[in-house]
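Engineer: what follows is a predicted structure for the sequence shown.
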Amino acid sequence: MPEKSHRRLSSDRKTEIFKYLCSAIIIAAAVGMFILLSRMAEKPQTKDSTALIPQVSTETVTPYFGSLDLVIPGSVKPHREIKVAAEVIGKIVKKYPEFQAGNFVLAGTPLAEIDAEDYEADQKTLEADVQQAEKRIVENLRQIEGEKRNLEIARQDFEIQQRDFKRTQRLASALSRSEVDQARRALNAAQSNLTSRENALGLLQATAVRLKSALEMSRSQLEKSELKLGRVSIVAPVDGVVVSEMVQENDYVSPGSAIAMFEDVSVAEVVCNLTTLELNWIRKNSKPDPDKPLSNDPRVRAYQLPKTEVTIFESEDVDATWKGTLERFDGIGRDEMTKTIPCRIIVPNPITETEYGPRALVRNMYVKCRVEVETSGSDQTQDLLAINEMALQPGDFVWKVVDGKLQSAKVKIVDRTERGRGDSKMSIVIIRAVEGSISADDEVVVTPLSQPTNGATVDVADAAEKSASETNAVIEATETSVDAAPDAGVATPVEKNTKASL
């Protein structure tokens, strides 16, 4: 048994060794075959490095002078918002159909009625009080006239008694003492009667003053009652639109209770934000208004804006336009988020006619405001440049060619317009260089590039190819431009189409 077991183990070991040898032979054969095939393969021919250099077309950057459209986003705000409130206390007994949010109503249109029964009763009572006061005054006047006649009689009696007493005094030696005393008593009685009549007349005259004051007070109360009675009818204060209604029939209101929010739509206002550069252009190029000249006081002029005409339109409907005037700053200071300067544009006629009917500027409408300025009169250091729209890359930069290599240049878009006419019409972009990244006479790439990088070598097309490329680019830009205007003339060196906008 031990010998058989030993032979079996020896046979298994030989089998394992044989398997390892076969695997090693196969691996060695595969490696040898790989080396053999690698040596047999032909090495690829290296291509000339110039075949990988892309060929591009360029155009020259030109300076821009002439008119410029500043297109600024804005939002419509109400010119005047009126809060209509109740002026008397009472219950709403009637609400007119015109009194609904969104309705346009004329000034004086009835909106609601407050219960007027109490005020009508007060008015009747006060009218009766006025009539009684007038009658008392008439009675008093008659008493005064009668008292004046009595006073005149008393004065005449006093004068008679006074003359009689003087005669008695002259004959005192011939008369008894009792006769003299009787004459004195008659004089005193006449004087007392005269004094009583004078006092009675004075009292009646004082009563007349009091009665007149009472009449004036009654009339004043009657007028106040009439005012209250007139205020039970709530009417539209001006021509405008009911923004919101805050009461219904049978609601109880008191003085000061809000009835409706009313908006005066005879004039509209647009709030827009200007940058410092845009504000400087407007101040330098706006024509002075002879009717409203700017103040000579620099403290006042610093917070004034020149009256500048503005065209307002919507992006969705450029045919609907409104005319406005840049009037004033909206408050004071800059916007905290954008660091721009809020301004107000007054639109005297917020309704315009379109082919679909009248259109109105309404609150919170998002609009664009176009201000045309003449850059030739502006600061000459503004460095406005014009480039082909095809040269502008996403992210507001261009590729310029410097010594046969690409170099990116950051720009800031100011406006878009066109130059040329017919088949040679070209869409251009008016830009400003960012930190001197680009200047006039630089060559910018107008052909598409695949994965360009700074410093990459490019081959600029020769004059013939460049001319053909420019023509194709112009035609393509004309077909695809969304801001193309139908009548663009020839410009020297660049013409501004006022219909073009950002």
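Structural biologist: Sure, I can see it.

Engineer: the biggest strand by length in the chain packs against which elements?
Structural biologist: Taking DSSP state E as the criterion, the chain has its longest strand at strand 67-85. If contacts are counted by 3 or more CB pairs under 8 Å, 6 or more residues apart in numbering; DSSP states H and E, strand 67-85 sits against strand 258-274, helix 276-285, strand 366-374, strand 405-419. C-beta: built from backbone N, CA, C; applies to glycine.

Engineer: pipe those into JSON lines and attach mean neighbour count per row.
Structural biologist: Listed next are the helices and strands packed on strand 67-85 as JSON lines, based on neighbours: other CB atoms under 10 Å:
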{"stretch": "strand 258-274", "mean neighbour count": "20"}
{"stretch": "helix 276-285", "mean neighbour count": "17"}
{"stretch": "strand 366-374", "mean neighbour count": "18"}
{"stretch": "strand 405-419", "mean neighbour count": "20"}
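
Engineer: looking at the ones you listed, which is closest to Gly102?
Structural biologist: strand 258-274 (10.6 Å; CB to CB).

Engineer: tell me where the stretch 301-450 of the chain has strands.
Structural biologist: 308-313, 321-329, 341-347, 351-354, 357-360, 366-374, 384-388, 397-402, 405-419, 426-433, 443-445 (DSSP state E, counting those that start in this stretch).

Engineer: next one: the fifth one to chain centre, how far?
Structural biologist: Spelled out, it's strand 357-360. Centroid separation for strand 357-360 versus its chain: 19 Å, with CA atoms, centre = their mean, to the nearest Å.

Engineer: sheet-wise, list the partners of it with their directions.
Structural biologist: Strand 357-360 has these partner strands in its sheet, going by DSSP bridges: strand 351-354 (antiparallel).

Engineer: quick one: low-confidence parts of this structure?
Structural biologist: Under the criterion pLDDT under 70, the flagged ranges of the chain are 1-12, 41-52, 287-290, 375-382, 418-426, 436, 462-502.

Engineer: and Lys124, what element?
Structural biologist: helix 117-170 (DSSP states H and E).

Engineer: quick one: name whatever helix or strand follows that helix.
Structural biologist: helix 177-230.

Engineer: report all helices and strands that that following helix contacts.
Structural biologist: Partner elements for helix 177-230 (3+ CB pairs under 8 Å, 6+ apart): helix 117-170.

Engineer: what's the angle between the helix it packs on and helix 177-230?
Structural biologist: Angle, helix 117-170 to helix 177-230, by axes from the mean of the first three to the mean of the last three CA atoms, to 10 degrees: 160 degrees.

Engineer: so what does helix 117-170 touch, helix or strand wise?
Structural biologist: helix 177-230.

Engineer: ok, back up a step: so which of the strands of the stretch 301-450 of the chain is nearest Glu113?
Structural biologist: So among these, strand 357-360 is nearest, using CB to CB, at 29.8 Å.

Engineer: dump the closest one to PDB, restricted to CA.
Structural biologist: Only the C-alpha atoms of strand 357-360 are listed here, as PDB (Å, rounded to 0.1, in the frame of the first residue of the first chain):
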ATOM      1  CA  GLY A 357     -56.300  98.400 -31.000                       C
ATOM      2  CA  PRO A 358     -55.200 100.900 -28.300                       C
ATOM      3  CA  ARG A 359     -52.400  99.700 -25.900                       C
ATOM      4  CA  ALA A 360     -51.800 101.300 -22.500                       C
END
